[in-house]
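Asks: okay, sequence plus prediction incoming.
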Amino acid sequence: MRQINLYLMLTAMMAAWGFNVIAVKIVVIEFPPVTITALRVFIAFLALVPFIIYKKLYRKLTRKEWYYVIGISAFGIFGFQYFMSVGLNYTTATNAGILLGASPIATAIAAAIFLKDKFTFLSGLGFVLGFIGVSIIVIAGSNEGFSISIGDLYLCISVIVQTVSFVLIKKISETLNTTYMTGMTLLIGSFILFFHAIITEPNGISQIPEGSGVAWVLLIFSGFVATGLGYLIVNSAIQQVGAGNFAIFLNLSPFFAVISAYFVLHERIYMSHWAGFVLIVIGVLLGARIRQFKRNKEGTVSTTIKV
């Protein structure tokens with residue numbers, strides 16, 4: 001597959017992730033949030049099962065690989081999905097989309113610290129601008145007033161835990177097939193979410209049949225497309241181009257999320273949203289260091305999505 005195809009696939013995936021914020025917003029309103037998130041992640045796992053079986057990817061993991069898989073399941077699946085889903089109950093999809101756009105900056109910083117990616121003065125400036133942008137969104141809230149929403153804070157935590165998982169993914173992808181790794185982490189993460197739901201939402205399962213048809217369609221889309229195939233494509237891309245290089249594509253997700261929130265949920269977009277969004281975009285452009293995909297430590301970067 002040519003490099004341009006990889007770019008187009010990642011762009012399409014970011015569009016799906018952007019719309020997924022709106023889909024999850026609707027789903028967690030109609031269903032118990034933790035319970036339905038566990039089901040959504042399990043649906044994502046089912047989406048990958050055919051790839052795992054067809055390619056005969058199953059194998060016994062080493063002890064070190066198990067550590068990484070459990071870590072990714074805890075941070076990237078349970079942590080990210082939990083804080084995002086619960087946070088969306090207390091804030092707007094517009095706020096969520098923009099705040100999640102800070103992930104590239106956090107990823108670039110983590111890549112510099114843990115993966116030895118180069119971190120320059122411009123990268124540092126990008127981090128500062130991105131942090132200011134996030135602060136504007138959090139403090140201004142969703143109605144141009146000055147308040148701090150618990151939902152926005154939850155979303156900030158989701159960005160942090162997702163960043164940790166990206167670093168772990170890059171490390172484990174050196175020895176473990178990304179499709180198999182993604183399926184394993186989704187399965188384990190869904191069980192963690194389910195057991196947490198039993199404690200926090202004891203009647204959650206009985207309430208699931210009460211959802212509308214639209215909510216069920218969005219649930220399936222979110223599980224199969226945005227979460228299942230999305231994790232597969234993104235994790236494979238991280239393996240090929242590195243966490244720091246991949247971070248720039250994440251900037252497209254909040255753009256699609258804001259546009260979707262405006263047209264689908266009819267949410268208002270305030271000046272504070274635009275100000276925060278612009279600062280985050282500039283921060284990402286500086287922090288992620290736009291450039292052509294460079295050679296990684298092992299040699300020339302491949303451009304094939306391996307499933």
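Replies: Now that the structure is in, tell me what you want to look at. Numbers count the residues shown, from 1 in each chain.

Asks: tell me the pLDDT at residue 251?
Replies: With respect to pLDDT, residue 251 has a value of 66.

Asks: skipping adjacent residues, who's closest to residue 30 in space?
Replies: residue 215 (4.3 Å; Cβ to Cβ, 6 or more residues apart in numbering). Quick note: C-beta positions are derived from backbone N, CA and C, even for glycine.

Asks: so where's this structure shaky on pLDDT?
Replies: For the chain, the stretches flagged by pLDDT under 70 are 1-3, 7, 117-119, 123, 138, 140-148, 235, 238-251, 284-285, 287-307.

Asks: quick one, longest helix in it?
Replies: The residue-count maximum for a helix in the chain (DSSP state H) belongs to helix 3-30.

Asks: tell me the buried residues in it?
Replies: Applying a neighbour-count criterion of 16 or more other Cβ atoms under 10 Å, one finds 6, 9-10, 13-28, 30 buried in helix 3-30.

Asks: cool, and stretch 43-59?
Replies: Neighbour counts using 16+ other Cβ under 10 Å place 43-45, 47-48, 51-52, 57 of stretch 43-59 among the buried residues.

Asks: that older thread, helices or strands up against the following helix or strand past the longest helix of the chain?
Replies: Going down the chain from helix 3-30, the next helix or strand is helix 33-54, by DSSP states H and E. Helices and strands touching helix 33-54, by 3 or more Cβ pairs under 8 Å, 6 or more residues apart in numbering; DSSP states H and E, are helix 3-30, helix 80-87, helix 178-200, helix 204-207, helix 213-220, helix 230-241.

Asks: the next helix or strand after helix 33-54 vs helix 178-200, what angle?
Replies: Counting by DSSP H and E, the next helix or strand C-terminal to helix 33-54 is helix 63-72. On the basis of axes from the mean of the first three to the mean of the last three Cα atoms, to 10 degrees, helix 63-72 is oriented at 50 degrees to helix 178-200.

Asks: residue 15 is in contact with residue 230, correct?
Replies: No: applying Cβ atoms under 8 Å as the test, residue 230 and residue 15 come out as separate, 10.6 Å apart.

Asks: what's around the closest residue to residue 204 other than its chain neighbours, how many residues?
Replies: Distances taken as Cβ to Cβ, 6+ apart put residue 35 closest to residue 204, at 3.1 Å, once the chain neighbours are dropped. Residue 35 has 25 neighbours, counted by other Cβ atoms under 10 Å.

Asks: which ones are touching residue 35?
Replies: 194, 197, 201, 204-205, 207-208 (Cβ atoms under 8 Å, 6 or more residues apart in numbering).

Asks: try 10 Å
Replies: 28, 85, 193-194, 196-198, 200-208 (Cβ atoms under 10 Å, 6 or more residues apart in numbering).

Asks: farthest pair in the residues you listed?
Replies: With Cβ to Cβ as the measure, no two of those lie farther apart than 85 and 206, at 18.9 Å.

Asks: out of the two, name the residue with the larger neighbour count.
Replies: residue 85 (25 against 11).

Asks: hmm, that one is touching residue 26, no?
Replies: No: in this structure residue 85 lies outside contact range of residue 26 using Cβ atoms under 10 Å: 11.6 Å.

Asks: any quick ChimeraX command for the buried ones out of the contacts of residue 35?
Replies: Buried subset of those, written as a ChimeraX selection, criterion 16+ other Cβ under 10 Å:
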select :28,85,193,194,196,197,201,204,205,208
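
Asks: any idea how far the longest helix of the chain is from the chain center?
Replies: Distance of helix 3-30 from the chain centroid (Cα atoms, centre = their mean, to the nearest Å) equals 9 Å.

Asks: which strands or helices does that helix pack on?
Replies: Applying 3 or more Cβ pairs under 10 Å, 6 or more residues apart in numbering; DSSP states H and E, one finds that helix 3-30 contacts helix 33-54, helix 80-87, helix 93-100, helix 213-220, helix 230-241, helix 252-264.

Asks: can we see that at 7 Å?
Replies: With contacts taken as 3 or more Cβ pairs under 7 Å, 6 or more residues apart in numbering; DSSP states H and E, helix 3-30 sits against helix 80-87, helix 93-100, helix 213-220, helix 230-241, helix 252-264.

Asks: can you give me the angle the third one makes with helix 3-30?
Replies: Our comparison of helix 213-220 with helix 3-30, counting by the same axes, to 10 degrees, yields an angle of 140 degrees.

Asks: just the angle for helix 213-220 relative to helix 33-54, thanks.
Replies: 50 degrees.

Asks: what does helix 213-220 contact?
Replies: 23, 26-27, 30-31, 36, 40, 43 (Cβ atoms under 7 Å, 6 or more residues apart in numbering).

Asks: quick one: which of those residues is nearest to residue 170?
Replies: residue 40 (25.0 Å).

Asks: roughly how far apart are the closest one and residue 276?
Replies: Remark: distance between residue 40 and residue 276 (Cβ to Cβ, to the nearest Å) = 28 Å.
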